[in-house]
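this one's structure only:
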């Protein structure tokens, strides 16, 4: 009984990480209907940026967020203004293929610079600290911090979307790009701000991923897929939905792994496909694709 | 109504068909003039032409951008190994069986995937391919996660000598690619091809002209799965070894195929052929660069997508009105009718 409680609790906590993968993806889809195939590789890129920063400055990974987040945001802004804005339009193909090309470029660029060796960010003693929640159920401090950060990130995005001028601009462009433009919004700038925000979230997710487990240049696509599954399970365009989606995915994987280690990822995929079959609009849909 | 007829051929397409016919004769005779390495390379080129042409039909014409076609390449490969090892089916017969089996499996896959639109469809197909890969690595009878080789007895039984076996697989690759291209050309010249071309150019307009767009896409998805699985089976008959990671590799069976099609020209039948030639010329010259080579391919694909979205063949076709195969339709007025139309 407590064994299963532990399994489910671990699943919920990792679900927070998946929700952060998903939030960045969902954000740019909501604002500009762009699906970024390179999203997972950007998460890995953020992990490598954090690796350099922590090694160069000798700071711990969580402190490095103060530098990695703005750096990734700048990369996001530049990427959108310099490249992705030119791919947006009626045709679906250009953004898909350009971000796919970008994914291959990031993967192989990282492979060239850092080799295929596994890396990990060292967070020190905090990594192994745990406390007992109830009889036999233990919680790691770091996974708990990660989960709380995920909730904070999603709450912040929600506030930003509905309570700030930038959020209003995001919603206006999302509703009708040409009318937003007529009202004097510079959509190129708005899109770039959305991508900057998306990569800021990616940076947080990347650092937590790199502290939690080993990473190498090839693990990006799987992170994209986890994020995507959380988005679809939660329902397109819903920020809190991505959190629920992430948790459902995390718990399914944890239960799958408990039954047979080979089933961890497969169990997540199967739950995703089952939800797609039964409720294709996701659990809390907001926008139609 | 008899005042006009519809023609497909133009002068450039007549030249194109003649070139294709000559090339086919030369390729069919390749075992007499080529070395073992040449045959291997040509066979690999043929399989990429076939894979890219199928992906082009799917993405370029039907607008179904799948990044999960490795699902069917791997499925075909695994069907070949399963049929040959577990049931003793002759490998060539197994390739023929792989097509229909994959098409049947593609039906429920399509039902699920068609719930996702546009870019989400793309990632959905990727998830599907991952599911296929993970399931394959659970099948211990076929080597599980580490894979399996085709037993020597089966390989030896295929042909009297090693040389003949290589000739056999080479001709098989040529025949399968010609069959795939022939089927695509026949499809595009039929009335369904007209519907597909309309769909490629404008989905909304195609729909309002009475084309059942969803049904057409569904049929194209299943047909593509059929062809892709057969090519996949052939690829792994040539490799003689299969593992989940090679069979369901997104780089080998999707990234390369997408780059080939985009660089050659998406939405045109000639595009994948031109793209494959460019891809292999670059690979033969730059292969030493390793991962840098892939990085450059990605960059070239991005540049082409931004500045020449219809690819290299698209540029040529628009500039000179070329078509290498007789696919476009144009009206030719009969002499009597044109006289009647001429001003008095």
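That came through, no problem. This structure is a prediction, so every number in the text was calculated from the model and none was measured. Residues are numbered from 1 along each chain as shown, chains lettered A, B, ... in the order given.

where does chain A get nearest to chain B, which residue?
The nearest approach of chain A to chain B comes at residue A:35, 3.3 Å away (C-beta to the nearest C-beta). Any C-beta I mention is one placed from the backbone N, CA and C, and that applies to glycine too.

what residues does the stretch 151-300 of chain B put near chain A?
Residues of the stretch 151-300 of chain B lying near chain A by C-beta under 8 Å from any C-beta of the partner chain: B:250-251, B:255, B:258-259, B:262, B:266, B:291-292, B:294-295, B:297-299.

restrict those to the buried ones and give me that as a PyMOL selection.
Those of those that count as buried under 16 or more other C-beta atoms under 10 Å in any protein chain shown are selected in PyMOL with:
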select buried, chain B and resi 250+255+258+259+262+266+291+294+295+297+298
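
may I ask which of the residues of the stretch 151-300 of chain B next to chain A comes out lowest in pLDDT?
pLDDT across these is at its lowest for residue B:291, which sits at 78.

ok, for that residue, nearest residue in space, not its chain neighbours?
residue A:108 (4.1 Å; C-beta to C-beta, 6 or more residues apart in numbering or on different chains).

and residue B:48, by the same measure?
In space, residue B:48 is closest to residue B:276, 4.9 Å off (C-beta to C-beta, 6+ apart).

am I right that that neighbour falls within a strand?
No - in this structure, residue B:276 is helix, not part of a strand, as judged by DSSP: H, G, I helix; E, B strand; the rest coil.

the stretch 101-250 of chain A: helices as residue ranges?
Taking DSSP state H, counting those that start in this stretch, the helices of the stretch 101-250 of chain A run over residues A:141-163, A:165-175, A:177-182, A:187-212, A:220-234, A:239-259.

most tightly surrounded among those helices?
For the helices of the stretch 101-250 of chain A, the largest average neighbour count (mean count of other C-beta atoms under 10 Å in any protein chain shown) is found in helix A:220-234, namely a mean of 27.

can it be said to contact chain B?
Yes - interface with chain B: helix A:220-234 contributes A:221-222, A:224-225, A:228-229, A:232 (C-beta under 8 Å from any C-beta).

nearest to residue A:6, out of the helices of the stretch 101-250 of chain A?
Taking C-beta to C-beta, helix A:239-259 is the member of the helices of the stretch 101-250 of chain A nearest to residue A:6, at 9.1 Å.

now the helix or strand just after the closest one against helix A:220-234, angle please.
Under the assignment DSSP states H and E, the closest C-terminal helix or strand after helix A:239-259 is helix A:264-278. Counting by axes from the mean of the first three to the mean of the last three C-alpha atoms, to 10 degrees, helix A:264-278 points 40 degrees away from the direction of helix A:220-234.

quick one: helix A:264-278 to helix A:239-259, angle?
130 degrees.

re the thing from before, just checking, the residue nearest to residue B:48 touches residue B:264?
Yes - between residue B:276 and residue B:264 there is a contact under C-beta atoms under 8 Å: 7.1 Å.

what do these two both touch?
residue B:52 (C-beta atoms under 8 Å, 6 or more residues apart in numbering or on different chains).

residue 124: how many residues sit nearby?
Defaulting to chain A. 11 (other C-beta atoms under 10 Å in any protein chain shown).

oops, chain B please
27.

can you report phi and psi for the residue nearest to it when sequence neighbours are not counted?
Sequence neighbours aside, residue B:116 is the residue nearest to residue B:124 in space, at 4.3 Å (criterion: C-beta to C-beta, 6+ apart). When read as degrees, to the nearest 10, the backbone of residue B:116 gives phi -100, psi 140.

ok, residue B:197 to chain A distance?
Note on residue B:197: its distance to chain A, by C-beta to the nearest C-beta, to the nearest Å, is 16 Å.

wait, that residue sits on residue B:190?
No - when contacts are counted by C-beta under 8 Å, residue B:197 is not listed as touching residue B:190 (11.0 Å).

these two: which is more packed in?
Per other C-beta under 10 Å, whichever of residue B:197 and residue B:190 has more neighbours is residue B:197, with 16 against 11.

give the rounded mean pLDDT of the helix or strand hosting the more buried one.
Residue B:197 belongs to helix B:191-201 when assigned by DSSP H and E. The average of the pLDDT scores along helix B:191-201 is 84.

now swap in stretch B:119-137 and tell me
Here the average pLDDT along stretch B:119-137 is 91.

would you check that residue B:222 makes contact with residue B:109?
No - here residue B:222 does not reach residue B:109: they are 9.1 Å apart, not a contact under C-beta under 8 Å.

of the two, who's got more company?
With neighbours defined as other C-beta under 10 Å, residue B:222 and residue B:109 compare such that residue B:109 has more, 24 against 17.

show me the contacts for the closest residue to the more buried one other than its chain neighbours.
Of all residues not flanking residue B:109 in the chain, residue B:128 sits nearest, at 5.8 Å (C-beta to C-beta, 6+ apart). Neighbour list for residue B:128: A:273, B:68, B:71, B:109, B:112-113 [criterion: C-beta under 8 Å, 6+ apart].

tell me how far residue B:128 lies from residue B:121.
Separation of residue B:128 from residue B:121 (C-beta to C-beta, to the nearest Å): 10 Å.

distance of the residue of the stretch 51-200 of chain B found nearest chain A from residue B:196?
Closest to chain A within the stretch 51-200 of chain B is residue B:119: 3.3 Å, counting by C-beta to the nearest C-beta. With distances taken as C-beta to C-beta, residue B:119 is found 21 Å from residue B:196.
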